[in-house]
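1. This is a predicted model, with the sequence first.
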Amino acid sequence: MRKPRQLERLVRGFANHRRIEILELLEKSPELSVVEISDTLKINYKTGADHVRRLAIAGIIMKRNDNNFVRHALTNDGKSILKFLRTLE
């Protein structure tokens, strides 16, 4: 069972429309780099990198080094969050 502060960190991690878009994108196409995420969503690289960083800090996405790139994928929490968000649609 998570403590209230842990839940707050998790919720703040995805409480942004761009971060939700990133989660949906990573569900469809896992293992994307920040460059690929930014290009696909047509957002500035620095903006994309900041959103990805916040998602990673919250434990919603994980990072994996792949030579010159860092690849990103959803964690189990990330998948659960997307399921939860779909119940709100």
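-> Received the coordinates, thanks.
2. Disregarding residues adjacent in the polypeptide, which is nearest to residue 57?
-> In this structure, residue 57 finds its nearest non-sequential neighbour in residue 13, 6.8 Å apart by CB to CB, 6 or more residues apart in numbering. Placement of C-beta: from N, CA and C, glycine included.
3. now swap in residue 63 and tell me
-> residue 70 (5.1 Å).
4. Could you tell me how many residues sit around the one you found?
-> Around residue 70 there are 16 other residues, counting by other CB atoms under 10 Å.
5. cool, and residue 28?
-> The number of residues packed near residue 28 is 8, by other CB under 10 Å.
6. With residue 30 instead?
-> Residue 30: 14 neighbours (other CB under 10 Å).
7. Does it touch residue 75 like I think?
-> No. Counting by CB atoms under 8 Å, residue 30 sits too far from residue 75 to count as a contact (11.0 Å).
8. beta partners for the residue nearest to residue 63?
-> Residue 70 has these beta-bridge partners by DSSP bridges: residue 65.
9. Which pLDDT does the model give it?
-> Per-residue confidence at residue 70 stands at 95 (pLDDT).
10. Any figure for the gap between it and residue 77?
-> 19 Å (CB to CB, to the nearest Å).
11. and what of residue 8?
-> The gap separating residue 8 from residue 77 is 14 Å, by CB to CB.
12. which one of these two has more residues nearby?
-> When neighbours are counted by other CB under 10 Å, residue 77 comes out ahead of the other of residue 8 and residue 77, with 17 against 13.
13. Just the pLDDT for the more buried one.
-> 95.
14. Residue 35 now?
-> Looking at residue 35, its pLDDT is 96.
15. Contacts only, for the nearest residue to it once chain neighbours are set aside.
-> Spatially, and ignoring its direct neighbours in sequence, residue 35 is nearest to residue 45 (6.7 Å; CB to CB, 6+ apart). Residues in contact with residue 45 (CB atoms under 8 Å, 6 or more residues apart in numbering) are 34, 35, 38.
16. ranges for the strands of this structure?
-> Remark: strands assigned in the chain by DSSP state E are 61-66, 69-74.
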